[in-house]
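Q: Got a sequence here, can you model it:
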Amino acid sequence: MRTILLVLTLALATTGFTQQPFPTLEGETASGGPMSLPLTNAKGFTLVGIAYSQRAQPMLEEWYEPAYLRFIAKHGLFAGEYDVDLFFVPLFIGLNKATYEPSLKKFRKSASPEIVDHVMFSKAELDPLKASLGMTSKDIPYFFVLDQQGRIVHRTQGAFTEEKLEAIEDMLMK
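A: All right, here's what the predicted structure looks like:
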């Protein structure tokens, strides 16, 4: 009986933020154009990665290449079977807002051209995002898979692992 309760509790904990609408997140692309998530014209799924501290930023960056290769460049066995838009969002909050412009300029100069179109810089208010998305730890990035209507259908967090990437891909194949 305890095992059943534990399994149900874990299932509810991991799905507690699924099927809810992703809140509107405003920002700008590295080229300076305005952008808003979730996309209103999504062709399929949208994968959004968010980090809101300098400590979480390197973990977000670990996802850039493998996620780009799998979901945009379509490297992988089933990569051509789904459509996905991919966006990484460094969120500048509090005192870090002062580093927004220098970080954006540095990114424009140093980022690989393939990744540039998939990064959105934002100075959105953190508290509403934390509350609606359950982003409780500032030390890790959070990843959300959105359906065409902007609802969260899968989420994960933390450092990149091949298992997390495969779990996202499995979700996209359903």
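Q: Let's verify the residue nearest to the spatial centre of the chain: helix, strand, or coil?
A: With distances taken as CA atoms, centre = their mean, residue 49 lies nearest the centre of the chain, 1.6 Å away. Here residue 49 is recorded as strand under DSSP: H, G, I helix; E, B strand; the rest coil.
Q: thought it was touching residue 87?
A: Yes. Contact criterion CB atoms under 8 Å: residue 49 and residue 87 qualify, at 7.2 Å. Where you see a C-beta, it was placed from the backbone N, CA and C, and this is true even at glycine.
Q: Just grab the bridge partners of the residue nearest to the centre of the chain for me.
A: Per DSSP bridges, the residues bridged to residue 49 are residue 88, residue 143.
Q: what's the spacing between it and residue 98?
A: Distance from residue 49 to residue 98, counting by CB to CB, to the nearest Å: 23 Å.
Q: for residue 145, same thing?
A: Where residue 98 is concerned, residue 145 sits at a distance of 32 Å (CB to CB).
Q: who has more neighbours, the two?
A: residue 145 (22 against 10; other CB atoms under 10 Å).
Q: For the more buried one, give me its contacts.
A: When contacts are counted by CB atoms under 8 Å, 6 or more residues apart in numbering, residue 145 is found next to 45, 46, 47, 152, 153, 154, 155, 168, 171, 172.
Q: SS state for the last one?
A: The reference is to residue 172. helix.
Q: That one - nearest residue in space that isn't next to it in sequence?
A: Using CB to CB, 6 or more residues apart in numbering and skipping residues adjacent in sequence, the residue nearest residue 172 is residue 82, 4.2 Å away.
Q: Now that neighbour: phi and psi?
A: The phi/psi pair for residue 82 (degrees, to the nearest 10) reads phi -150, psi 160.
Q: wait, what's in contact with it?
A: By CB under 8 Å, 6+ apart, the neighbours of residue 82 are 44, 45, 169, 172, 173.
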